[in-house]
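[1] Give me a 3D structure for the following:
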Amino acid sequence: MRTLATVAVVVSTLGVQVPSSPPAARPSDTITRQELRDHVYFLASDFLGGRRPDDSGFTVAAEYAACQFKAAGVRPAMTDAEGTPTYFQKVYLTQRTTRVDKPFTLKTPAGEQAFAPLDDLKLVSAGPSLTDVPMVFVGYGISEPDYGWDDIKDISLKGKVAVMLIGTPQRDGKPVLPDAIDKKYQSIVGLGRKASNPRLRENIPAALVVIADKEHAEAWDRLSTIAGETQLRYRPGPAPGRITVPPAAVALVKGARAAAIFADQEYDPTGIASKGLAGYRTFALKDVSLSLGLGVTGKDLESMNVVGVVPGTDPNVANQYVSVGAHLDHIPPGGSQIRNGADDNASGCAGVIEIAEAVALQPLRRPVLFCLWTAEESGLLGSRHFISAPPVPMDRVTVNINLDSIGRSDAASAKTRTHYVVGSAQVTPELKALIASVNARTVKWPLDFESQEDSMRGSDHFSFHGLGIPTAFFFSGRPETLHAPTDDPETVDYEKVQRISQLAYEVAAELSNRDTSIRPPAGPVKQPMP
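    Residues are numbered from 1 along each chain as shown. All right, here's what the predicted structure looks like:
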């Protein structure tokens, strides 16, 4: 592992200096556009190679962040095995690589055809190999019998390949199911909720093939696949992890390959968006089967979270922590192009670093934890480890503010530069009201609390939410640069990074200085992790 001194030399070499803040009327005034820009340009440079948790570039990023914490007077929140204070929390991971030994091969009455990787199919999850496994169409895969809709009723899925549509049933442009139920299953996020339905889990298929809708077909080149790639999995301690194979492969298909599955069948759902539910049914496909050969190998490795703390000034609330965090990692290159993740999430990390400096300059009543997590892109692994081995008991953490992408606007918010705040009313509506009130009297940036609620599981705040801790997820939405090689520092909206960071500081200060904690007195309410 590189030392802090080593990274200080690297920082100097690249022309990014550890900042010193000028006197300011308010601590939030020290959160400057130039300093945020400097952090983003360093963290999202080609030199760091995309900040993958299994790569040396991530280690440099982590040590850079620790240097910034130390220079600002933020204390280490962890201790190592010898009891020495440290900013680094080891996170134990297993790296798994999925090999495609035999491609998806579809056998129909018209003959056999292989699915070309990337062009026709995105492998989302590995599973056991399959040989001529029959296929069953399960429609939208929604089982809500209390609302008159059950796609799984009377269908046997064990040992079969289930073929499923994304989204929910619509009639004349309107949802068939009640709005709250319909929203639960929308888009690719709803796919996980469908898969977690107890009836489907009891009747688990051999594999799941999902037909891409128009939205995902248009974004096809930006969608990731695990075929030939490595994925990270969490292991709770330093003991060697087992390389396990998931119970069922999951794949996304589009275009002609999707149409081929239903050729000459009793019903073809591939045009359902335009033709509606006419003829809709679930059924076993006749003389259609799928073969697939997969192999999985792996190795164990270590990554790290970076965790600092600024103690509070009031001993009466010294055991009530506010946490502010962001994920430090990004994703592997796309082909030969590095994906630097300037907005996702160098921008959020820059915000956390500058907020930590502002809090250290003028400490608040309650202590504040500052966390930069590893392996968020692999399934919130760093924050999952943090809540399982925290520096303080989790029942003392009163709230989590999560900055994950704060420097862009998506198509829906481009004109107003509105920023999304996700989940702030999920545990207690008081947090949403507090954020709105603080924003109205300080930063006055346009905020949207509602339209991105389907992203609740999409970042590290969800690890805290699963324990019943109030959370607020500041989020750019889904701009075209998301996970693309074009997410580079020169195109980030640094005014927005500054203003959202200042708002997050003001919210943290309000939460820390108020008379009563915002966390409900009932204590943790455990919910399933993703």
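[2] just the strands in the stretch 101-250 of the chain please.
    111-114, 121-125, 130-137, 143-144, 149-150, 161-165, 170-171, 174-175, 207-211, 230-234, 249-253 (DSSP state E, counting those that start in this stretch).
[3] so what does the fourth one touch, helix or strand wise?
    Just to be clear, that refers to strand 143-144. Counting by 3 or more CB pairs under 8 Å, 6 or more residues apart in numbering; DSSP states H and E, the packing neighbours recorded for strand 143-144 are strand 149-150. The C-beta positions use only the backbone N, C-alpha and C, and glycine is treated the same way.
[4] Looking at the strand it packs on now, give me its mean pLDDT.
    Strand 149-150 shows a mean pLDDT of 93.
[5] And the contacts of it?
    The contact list for strand 149-150, computed with CB atoms under 8 Å, 6 or more residues apart in numbering, reads 142, 143, 144, 169, 176, 177.
[6] for those residues, which one is nearest residue 238?
    Nearest to residue 238 among those: residue 143, at 41.0 Å, using CB to CB.
[7] Do I have it right that the closest one meets residue 157?
    No. Using CB atoms under 8 Å, residue 143 is not in contact with residue 157, being 11.5 Å away.
[8] Show me whatever sits in contact with both of the two.
    Taking CB under 8 Å, 6+ apart as the contact rule, residue 143 and residue 157 both touch residue 200.
[9] Using JSON lines, please lay out the strands of the stretch 101-250 of the chain together with mean neighbour count and distance to residue 71.
    JSON lines is the format used below for these (neighbours: other CB atoms under 10 Å; distance: least, CB to CB, whole Å):
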{"stretch": "strand 111-114", "mean neighbour count": "12", "distance to residue 71": "56"}
{"stretch": "strand 121-125", "mean neighbour count": "21", "distance to residue 71": "42"}
{"stretch": "strand 130-137", "mean neighbour count": "18", "distance to residue 71": "55"}
{"stretch": "strand 143-144", "mean neighbour count": "18", "distance to residue 71": "54"}
{"stretch": "strand 149-150", "mean neighbour count": "16", "distance to residue 71": "58"}
{"stretch": "strand 161-165", "mean neighbour count": "26", "distance to residue 71": "52"}
{"stretch": "strand 170-171", "mean neighbour count": "13", "distance to residue 71": "55"}
{"stretch": "strand 174-175", "mean neighbour count": "12", "distance to residue 71": "53"}
{"stretch": "strand 207-211", "mean neighbour count": "24", "distance to residue 71": "48"}
{"stretch": "strand 230-234", "mean neighbour count": "19", "distance to residue 71": "30"}
{"stretch": "strand 249-253", "mean neighbour count": "23", "distance to residue 71": "45"}
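[10] Relative to residue 73, how far out is residue 265?
    67 Å (CB to CB, to the nearest Å).
[11] ok, back up a step: quick one: closest of the strands of the stretch 101-250 of the chain to residue 80.
    Residue 80 sits nearest to strand 230-234 of all the strands of the stretch 101-250 of the chain, at 20.5 Å, using CB to CB.
[12] Show me what that closest one is packed up against.
    Judged by 3+ CB pairs under 8 Å, 6+ apart, strand 230-234 is in contact with strand 88-108, helix 381-388.
[13] For the last one, list every residue counted as buried.
    Of the residues in helix 381-388, 381, 382, 383, 384, 385, 386, 387 count as buried by neighbour count, 16 or more other CB atoms under 10 Å.
[14] Alpha carbons only: can I get that helix in PDB?
    C-alpha atoms of helix 381-388 as PDB (Å, rounded to 0.1, in the frame of the first residue of the first chain):
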ATOM      1  CA  LEU A 381     -20.200  -3.400  -0.900                       C
ATOM      2  CA  GLY A 382     -18.100  -0.700   0.900                       C
ATOM      3  CA  SER A 383     -21.100   0.800   2.800                       C
ATOM      4  CA  ARG A 384     -22.400  -2.700   3.500                       C
ATOM      5  CA  HIS A 385     -19.100  -3.500   5.200                       C
ATOM      6  CA  PHE A 386     -19.200  -0.100   7.000                       C
ATOM      7  CA  ILE A 387     -22.600  -0.800   8.700                       C
ATOM      8  CA  SER A 388     -21.500  -4.300   9.700                       C
END
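[15] Would you point to the one among the helices and strands packed on strand 230-234 that's packed deepest?
    Mean neighbour count (mean count of other CB atoms under 10 Å) peaks for helix 381-388 among the helices and strands packed on strand 230-234, with a mean of 24.
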